[in-house]
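Q: Quick one, what's the 3D model for this:
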Amino acid sequence: MRQELPAVAGSAGAVGWHEGAMLRHEGHEAAPVPPSLKVEADKALGLGKNEAKVLHPAPASVIATTHKLMHLSDLHFGAHDPLVCAAVQRLAHRLRVDVVVVSGDLTQRATRQQFALAHDFVCSLGVDERVVLAGNHDLPLFAWWLRWGRAYQRFASQFGAQLEPQRQVGPFWIVGVNTTRPWRHERGTLSAAQVTRVAEDLRSAPAQAWRIVVSHHPLVARSAEDRSHRPHGADTAVQRWRDAGAHMLLSGHVHHPALLQPQPGLWSMQAGTAVSRRLRSGQPNSLVVLQMQSEPTGSLGRQYPNRFAQRWDFDARLGDFVCVESLPVAG
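A: Residues are numbered from 1 along each chain as shown. Model prediction:
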């Protein structure tokens, strides 16, 4: 395992996921992150400030084995930006992530060429461990006859026939669930059997694993307007999976990044569109990195937060992705 400091968060004043670093509980007003929590996060991430307010590394005593998961969503090849694709490639190689998770909408119109482009891009990230799910755009729209019996044929030709992959990579216990349906154009659905299967997979995870569920459609609404994007059965799924030990829900679909906490101990992370030109609500291209430190203790044996959720936005002026927020997400 590599011994290194976690990636440094963006500079002071960078735009975060929410005004004033607020965390929103579904159905409740947002609550600010306690200053003490931000201080602990800065310490664990190796951040400090001198009198000139310049970020510098913390002492070597906080160095820990760091595992990284990169979460991409809504690539929409066929409506992609090659410059942004190259920036994601550089970031993946620079961070040396352990696993890449793609939560659907790899293509714009589910054509063979678009799937081939998406496959080549995912492979170019240089990460052997990959978990890839289909999104609603990955089911043929114009070749509508394929939706009866062959809806996932083109997806499977590039990414395999397993539509609900489950994998352990280091401390990450990743459970995929397919929320798309051939008879639906945009909306998603979760069946009772799927909810039960995911709960069983979560319960079988090792005690210290970071239990993560991946879906294309978000299970937690960012706002009242976003509730229509949730799959049918989302409320039941969130409760049962939380009871089964889930720590993090990863999703995409809405092209709007958000970090939410629907219940104590359970977080929901929505990635923006990683590389497409289909930007919404003024949001830039965006992706997510999860970091977990295996032995994060300070010089005096003090325990620091060891799980972090990071939002990386594409900065058009720099031509690269920049970490604009990094927050501890205790399980």
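Q: Give me the nearest residue to Arg222, chain neighbours excluded.
A: Closest residue in space to Arg222, ignoring its immediate chain neighbours: Ala258 at 4.4 Å, by CB to CB, 6 or more residues apart in numbering. Where you see a C-beta, it was placed from the backbone N, CA and C, and this is true even at glycine.
Q: Low-confidence regions, the stretch 201-331 of the chain specifically.
A: Where the stretch 201-331 of the chain drops to pLDDT under 70, the residues are 223-224, 229, 295-305, 331.
Q: again, only this time at 50
A: 296, 299 (pLDDT under 50).
Q: for it, what spans make up the helices?
A: Remark: helices assigned in the stretch 201-331 of the chain by DSSP state H, counting those that start in this stretch are 234-243.
Q: ok, His253 touching His76?
A: No. Between His253 and His76 there is no contact under CB atoms under 8 Å: 11.5 Å.
Q: of these two, who's got more company?
A: Taking other CB atoms under 10 Å, His253 and His76 do not tie; His253 has more neighbours (28 against 24).
Q: and the nearest residue to the more buried one once chain neighbours are set aside, how far is that from His232?
A: Take His253 and drop its neighbours on the chain: the residue closest to it by CB to CB, 6+ apart is His217, 5.1 Å away. Remark: distance between His217 and His232 (CB to CB, to the nearest Å) = 10 Å.
Q: State the distance from Gln153 to Leu133.
A: Distance from Gln153 to Leu133, counting by CB to CB: 16 Å.
Q: higher neighbour count, these two?
A: The neighbour comparison of Gln153 against Leu133 (other CB under 10 Å) goes to Leu133, with 29 against 13.
Q: Tell me which residues touch His232, please.
A: Counting by CB atoms under 8 Å, 6 or more residues apart in numbering, His232 touches Arg187, Gly188, Thr189, Leu190.
Q: Most neighbours among those residues, which one is it?
A: Greatest neighbour count in the contacts of His232, by other CB under 10 Å, goes to Gly188: 26 neighbours.
Q: need the contact list for that residue.
A: Each residue near Gly188 by CB under 8 Å, 6+ apart is listed here: Asn136, Thr179, Thr180, Arg181, Ser215, His216, His217, Arg230, Pro231, His232, His253.
Q: Contacts only, for the last one.
A: With contact set as CB under 8 Å, 6+ apart, His253 has these partners: 73-74, 103-105, 135-136, 188, 216-218, 229, 270.
Q: hmm, 7 Å instead?
A: Asp74, Gly135, His216, His217, Pro218, His229 (CB atoms under 7 Å, 6 or more residues apart in numbering).
Q: Tell me the buried residues within the residues you listed.
A: The neighbour-count criterion (16 or more other CB atoms under 10 Å) marks Asp74, Gly135, His216, His217, Pro218, His229 among those as buried.
Q: Could you single out the nearest of those residues to Asp313?
A: For the buried ones among the contacts of His253, the residue nearest Asp313 by CB to CB is Asp74; the value is 14.4 Å.
Q: Please report phi then psi for the closest one.
A: Phi and psi for Asp74, reported as degrees, to the nearest 10, are phi 50, psi 60.
Q: From His216, how far out is it?
A: Asp74 is 9 Å from His216, by CB to CB.
Q: where do the contact lists of those two overlap?
A: Common neighbours of Asp74 and His216, using CB under 7 Å, 6+ apart, are Asp105, Gly252, His253.
Q: In the stretch 1-150 of the chain, what residue spans correspond to strands?
A: Secondary structure of the stretch 1-150 of the chain by DSSP state E, counting those that start in this stretch: the strands cover 3-4, 22-23, 31-32, 47-49, 55-57, 64-72, 99-103, 129-133.
Q: Please work out the angle formed by the directions of the last one and strand 64-72.
A: Orientation check (axes from the mean of the first three to the mean of the last three CA atoms, to 10 degrees): strand 129-133 against strand 64-72 gives 30 degrees.
Q: hmm, who's touching strand 129-133?
A: Applying CB under 7 Å, 6+ apart, the contact partners of strand 129-133 are 98-104, 122, 159, 165, 167, 169, 174, 176, 178, 214, 216.
Q: low-scoring pLDDT stretches of the stretch 51-200 of the chain, where are they?
A: Along the stretch 51-200 of the chain, the model assigns pLDDT under 50 to residues 51-62.
Q: The same query, at a cut-off of 90, please.
A: Within the stretch 51-200 of the chain, the set of residues satisfying pLDDT under 90 comprises 51-65, 137, 140-151, 181-188.
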